[in-house]
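[1] Quick one, fold the following:
(2 chains)
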Number of protein chains: 2
Amino acid sequence: MYALIIYDVSSNEKRYNLANYLKAKGLARIQRSAFIGRILPSTLLDVERVIPKLIDGSIDVVHVFQLYDTAIQRVKVFGKPLAEITVKHGVVVIA
Amino acid sequence: MYALIIYDVSSNEKRYNLANYLKAKGLARIQRSAFIGRILPSTLLDVERVIPKLIDGSIDVVHVFQLYDTAIQRVKVFGKPLAEITVKHGVVVIA
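    Alright, predicted model coming up:
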């Protein structure tokens, strides 16, 4: 199982804390506001409990996509990602 | 087939043009820098041809995730999305 977490968080401090938290959970940062990685269901539940505490729910937004292992048909990357990802046989490979 | 397109584009003008372009292709904006929607493979190819012209590939980054119809196990949304999405039987429903 994969999680793709994308966010739009206004406060620099909150964004910084959220990014650090997701990094600590073993997710790979592919953009300033996007993390992806294989994750245990129990860890994802933890993440979902913590996220609301790290953001301002009245202005910010976070999407947590829980994806099946072979969910991604293909990924095309343009420009300079923060971490390289490719898809092999439907599975995300993080460089 | 779905596309989830997320981007990190520095220039306001380029970001504006990219967002307008994706909107015109029928995708729904769920965050300032994230669009999702059902898309024809041929339209997605067009999009992938145009994206490099709209960004500065030396500093910006765009990820285009091509997802199977039932790729998304679950989506959790925190805060204020620009468009509401839910997942029903693996299929993304855009409100």
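
[2] ok, now which ones touch the residue in chain A that chain B sits nearest to?
    Distances between chain A and chain B by C-beta to the nearest C-beta are smallest at A:Ala71, namely 3.3 Å. Backbone N, C-alpha and C define where each C-beta goes, glycine included. A:Ala71 sits next to A:Tyr2, A:Gly90, B:Leu67, B:Tyr68, B:Ala71, B:Ile72, B:Gln73 when contact means C-beta atoms under 8 Å, 6 or more residues apart in numbering or on different chains.

[3] Just the buried ones from these, in PyMOL syntax?
    The PyMOL selection below is limited to those of those classed as buried (16 or more other C-beta atoms under 10 Å in any protein chain shown):
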select buried, (chain A and resi 2) or (chain B and resi 67+68+71+72+73)
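
[4] among the contacts of A:Ala71, which one has the lowest pLDDT?
    Within the set of the contacts of A:Ala71, pLDDT is lowest for A:Gly90 (69).

[5] Low-confidence stretches in chain A?
    Applying pLDDT under 70 to chain A flags residues A:90.

[6] For it, which segments are assigned as strands?
    Using DSSP state E, the strands assigned to chain A run over residues A:2-8, A:28-31, A:34-38, A:61-67, A:72-79, A:85-88, A:91-94.

[7] List just the one of those strands that sits closest to B:Ser11.
    B:Ser11 sits nearest to strand A:72-79 of all the strands of chain A, at 12.2 Å, using C-beta to C-beta.
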